[in-house]
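J.: Fold the stuff below for me.
(one chain, ligands or ions: 1)
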Amino acid sequence: MSNVVNHWINGSEFVSTSGRTSPVYDPALGVETKRVALANQVEILAAIKAAKDAFPAWRDASLSKRQQVIFKFRELLNDRKGELAEIITSEHGKVLSDALGEITRGQEVVEFAVGIPHLLKGYYSENVSTGVDVYSTRQPLGVVGIISPFNFPAMVPMWFFPIAIAAGNTVVMKPSEKDPSASMWVAKLWQEAGLPDGVFNVLNGDKESVDGLIESPDVESISFVGSTPIAKYIYENSSKYGKRVQALGGAKNHMLVLPDADLELVADSAINAGFGSAGERCMAISVVVAVEPVADQLIPKIVARMSKLVTGDGRRGCDMGPLVTREHRDKVASYVEIAEKDGAVVVVDGRNPQVNGEAGGFWLGPTLIDKVPTTSKVYTEEIFGPVLSIVRVKSYDEGVALINSGAFGNGTAIFTNDGGAARKFQNEVEVGMIGVNVPIPVPVAYYSFGGWKNSLFGVTKAHGMEGVHFFTRGKAITSRWLDPSHGGINLGFPQN
Ligand code: NAD
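T.: Below is the predicted model:
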């Protein structure tokens, strides 16, 4: 009988009595290994209440106390990240080195949040009028909700909660039901780091939990990452309930390759960014836009590299793991069929891969499709798997116009040795995160992560100073301490 992943509420495991669960698989084995509880109303309210009750004391904890807890969390995480990586691989399927990589990127946000005393400093202006001073502070919001996708069970939550907690908020974290155990592990680590009970709670569940967070008057903000249709729903619904919301959505990232680019670098980058994490990254490159005559020279280089990739169980030192569920694997594979019907050329077909793993795993090998029509669903939809498309264009202008015509605006990259072209590209392209000869331009923790258009609903991106602003409210205080020369009645605005 499989075990159940429950909730973490007010500093201990909260055994669900909802009677509803969802399967969690080991994707490399293709078997259900556990089930995750799906919260009911009682459990949703319990998680929110725990966070609400913990807020006053945590908000008033000194900056140095908060900083020490975050610092300790960072140390524990750094020492024990191997354990977390194994959990991620066993539920998501990504290879162990990649699981460690996502933890390291998340850890960078924890390290950024250690600097919270500096990040929360306000301004002070003396004598804005004679004897009058103005200063500003930033205060925590209260209970904040975080809802994360399956593809980064450690990193995406860490885009938000280190800053939220450091700023004095309390958290209800709703992980993806596909890989919920990472958040439970993190909750225990927080406790070990000395975080008071109730400051970080994990609520496992589905739409009911998400709606419960959005509709609760006790939850101040929603930070969401996931697919575009759900992100749009979260944004609209949270706004309806008067919540502060940042909702990061899906992506379709293009790599524009100019004829003067270093094609060895391009081929390496296309492989890394196209097939890393089996293409289940929001910053994966899914389309190579090749300015003629690049494609005919580039494709053999990509194919040669693809032939060396080993697909298999992430615990066996392979390059690429399985997809997260059988259903998702089949959906991604169906795009290869669509490509064939739409007249594209399937150069490498990953549908029957040789794998270093169990036969029942959710396998799909690296797939390369050339001459993809831009009207095909293979081009217009987010595939979220190891399927790399090539679209051929005649010029730089045609390439940029194509990228700008897309519905998404998460990430993009240009490959060229022409600085002027790269500069023009970064200026003209309508995308939030841009790489110049860098295929996956994920900003470091002290910058902010987020796209444009259907890749981000709301104005505030994740982490960096935008994250600090999202999780705090500003106040401006105008103050006068009376002295003997206070000047008497004056009905106008003070002017000097
Ligand atoms: P998803 O949208 O299916 O799920 C995300 C979260 O929403 C989960 O916690 C899920 O339980 C919840 N959810 C699902 N259906 C819901 C509903 N009807 N109502 C309310 N909540 C619901 O996304 P996923 O498949 O887990 O993740 C992959 C997607 O996330 C891809 O589209 C990917 O591009 C995107 N993503 C985007 C970014 C980014 O930074 N823009 C980062 C990572 C992933």
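J.: now the helices for the stretch 351-496 of the chain?
T.: For the stretch 351-496 of the chain, the helices defined by DSSP state H, counting those that start in this stretch occupy 377-380, 396-404, 419-428, 464-470.
J.: buried ones in the last one?
T.: Counting neighbours by 16 or more other CB atoms under 10 Å, one finds that the buried residues in helix 464-470 are 464, 466-470. Placement of C-beta: from N, CA and C, glycine included.
J.: which parts of the stretch 351-496 of the chain sit against the ligand?
T.: For the stretch 351-496 of the chain, the contact set with the ligand under CB under 6 Å from any ligand atom comprises 382, 384, 410, 451, 455.
J.: Quick one: closest of the helices of the stretch 351-496 of the chain to Ala247.
T.: Taking CB to CB, helix 464-470 is the member of these nearest to Ala247, at 11.8 Å.
J.: Quick check: mean pLDDT of that closest one?
T.: Across helix 464-470, the average pLDDT comes to 98.
J.: And that helix, how far out from the chain middle?
T.: 15 Å (CA atoms, centre = their mean, to the nearest Å).
J.: Touching that helix from outside, list them.
T.: 109, 112, 119-120, 138, 159-160, 163, 167, 221, 223, 244, 246, 443, 445-450, 460-461 (CB atoms under 8 Å, 6 or more residues apart in numbering).
J.: Nearest residue to the residue in the stretch 1-150 of the chain positioned nearest to the ligand in space, please, no chain neighbours.
T.: Nearest residue of the stretch 1-150 of the chain to the ligand (CB to the nearest ligand atom) works out as Pro149 at 3.0 Å. In space, and not counting its chain neighbours, Pro149 is closest to Gly226: 4.4 Å by CB to CB, 6 or more residues apart in numbering.
J.: for the helix or strand encompassing Val156, what is the average pLDDT?
T.: Assigned by DSSP states H and E, Val156 falls within helix 155-166. Confidence for helix 155-166, expressed as mean pLDDT, is 98.
J.: any idea which helix or strand comes after it?
T.: Downstream of helix 155-166 (by DSSP H and E), the next one is strand 170-174.
J.: That following strand pairs with which strands, parallel or anti?
T.: Within its sheet, strand 170-174 is paired with strand 143-147 (parallel), strand 200-202 (parallel), according to DSSP bridges.
J.: Just the strands from the stretch 201-350 of the chain, written as ranges.
T.: Using DSSP state E, counting those that start in this stretch, the strands of the stretch 201-350 of the chain run over 219-225, 244-248, 253-257, 285-291, 311-312, 345-348.
J.: Please name whichever of the ones you listed is nearest to Val332.
T.: For the strands of the stretch 201-350 of the chain, the distance to Val332 is smallest for strand 285-291, at 10.9 Å, taking CB to CB.
J.: shaky segments in the chain?
T.: For the chain, residues meeting the criterion pLDDT under 70 lie at 1-2, 484-487, 494-496.
J.: can you tell me which residues contact Glu108?
T.: Glu108 makes contact with 444-445, according to CB under 8 Å, 6+ apart.
J.: can you pull the buried residues of whichever strand or helix holds Phe55?
T.: Assigned by DSSP H and E, Phe55 falls within helix 41-60. For helix 41-60, a neighbour-count test (16+ other CB under 10 Å) marks 43-44, 46-52, 54-55, 58-59 as buried.
J.: re the thing from before, just the buried residues out of the contacts of helix 464-470, in ChimeraX syntax.
T.: To isolate the buried ones among the contacts of helix 464-470 in ChimeraX, judged by 16+ other CB under 10 Å, type:
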select :109,112,119,120,138,159,160,163,167,221,223,244,246,443,445,448,449,450,460,461
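J.: Using the three-state scheme, assign Lys34.
T.: strand (DSSP: H, G, I helix; E, B strand; the rest coil).
J.: partner residues bridging it?
T.: Asn3, Val24.
J.: domain ranges for the protein?
T.: 4-249+455-478, 253-436 (automatic domain parsing).
J.: just checking, Asp262 touches Lys301?
T.: No - the pair Asp262 / Lys301 is not scored as a contact, 10.9 Å apart, by CB atoms under 8 Å.
J.: near the ligand, which residues of the stretch 201-350 of the chain show up?
T.: So far as CB under 6 Å from any ligand atom goes, the stretch 201-350 of the chain lies against the ligand at 206-207, 210, 225-227, 230, 248-251, 282.
J.: Sort out which of the residues you listed are buried, if you could.
T.: Counted by 16+ other CB under 10 Å, these give 210, 225-227, 230, 248-251, 282 as buried.
J.: How about the contacts made by the closest residue to the ligand within the stretch 151-300 of the chain?
T.: Across the stretch 151-300 of the chain, no residue is closer to the ligand than Gly226, which sits at 2.7 Å (CB to the nearest ligand atom). Applying CB under 8 Å, 6+ apart, we find Gly226 in contact with 147-149, 234, 248-250.
J.: So which of those residues sit within helices?
T.: The members of these that map onto helices under DSSP state H are Ile234.
J.: List just the nearest of the contacts of Gly226 to Tyr124.
T.: Leu248 (34.6 Å).
J.: Just give the closest residue to that closest one, not the sequence neighbours.
T.: Closest residue to Leu248 apart from its sequence neighbours, by CB to CB, 6+ apart: Val225 at 4.4 Å.
J.: pretty sure the one you found is touching Met155, no?
T.: No - contact between Val225 and Met155 fails when scored by CB under 8 Å: they sit 9.9 Å apart.
J.: show me what contacts the nearest residue to Gly212 once chain neighbours are set aside?
T.: Spatial nearest neighbour of Gly212, excluding adjacent residues (CB to CB, 6+ apart): Ile44 at 3.7 Å. Contact analysis of Ile44 by CB under 8 Å, 6+ apart lists 203, 205, 208-209, 212-213, 216.
J.: Make a PyMOL selection of the buried ones in those.
T.: PyMOL command restricting the contacts of Ile44 to the buried ones, with burial defined by 16+ other CB under 10 Å:
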select buried, resi 203+205+209+212+213+216
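J.: Pull the most distant pair out of the contacts of Ile44.
T.: Spanning the widest gap among the contacts of Ile44 are Gly205 and Ser216, at 13.3 Å by CB to CB.
J.: By residue count, what's the longest helix in this structure?
T.: helix 63-92.
J.: by how many degrees do that helix and helix 41-60 diverge?
T.: Taking axes from the mean of the first three to the mean of the last three CA atoms, to 10 degrees, one finds that helix 63-92 is oriented at 150 degrees with respect to helix 41-60.
J.: Could you tell me the angle between helix 63-92 and helix 155-166?
T.: Using the same axes, to 10 degrees: helix 63-92 against helix 155-166 is 160 degrees.
J.: Toward the C-terminus from helix 63-92, list the very next helix or strand.
T.: Downstream of helix 63-92 (by DSSP H and E), the next one is helix 96-114.
J.: quick one on the thing from earlier: between the strands paired with strand 170-174, which one is nearest to Ile70?
T.: Closest among those, using CB to CB: strand 200-202, at 11.6 Å.
J.: Which residues outside the closest one are in contact with it?
T.: 7-10, 47, 50-51, 161, 165, 170-175, 180, 183-184, 186-187, 190.
J.: re the thing from before, okay if I get the strands paired with strand 170-174 as CSV plus distance to Ala290?
T.: Converted to CSV, those look like this (distance: least, CB to CB, whole Å):
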stretch, distance to Ala290
strand 143-147, 37
strand 200-202, 45
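J.: Go through the ones you listed and name the closest to Ile271.
T.: strand 143-147 (31.9 Å).
J.: residues in contact with the closest one?
T.: For strand 143-147, the external contacting residues (CB under 8 Å, 6+ apart) are 48, 51-52, 55, 157, 160-161, 164, 169-174, 210, 213-214, 218-226, 234, 471.
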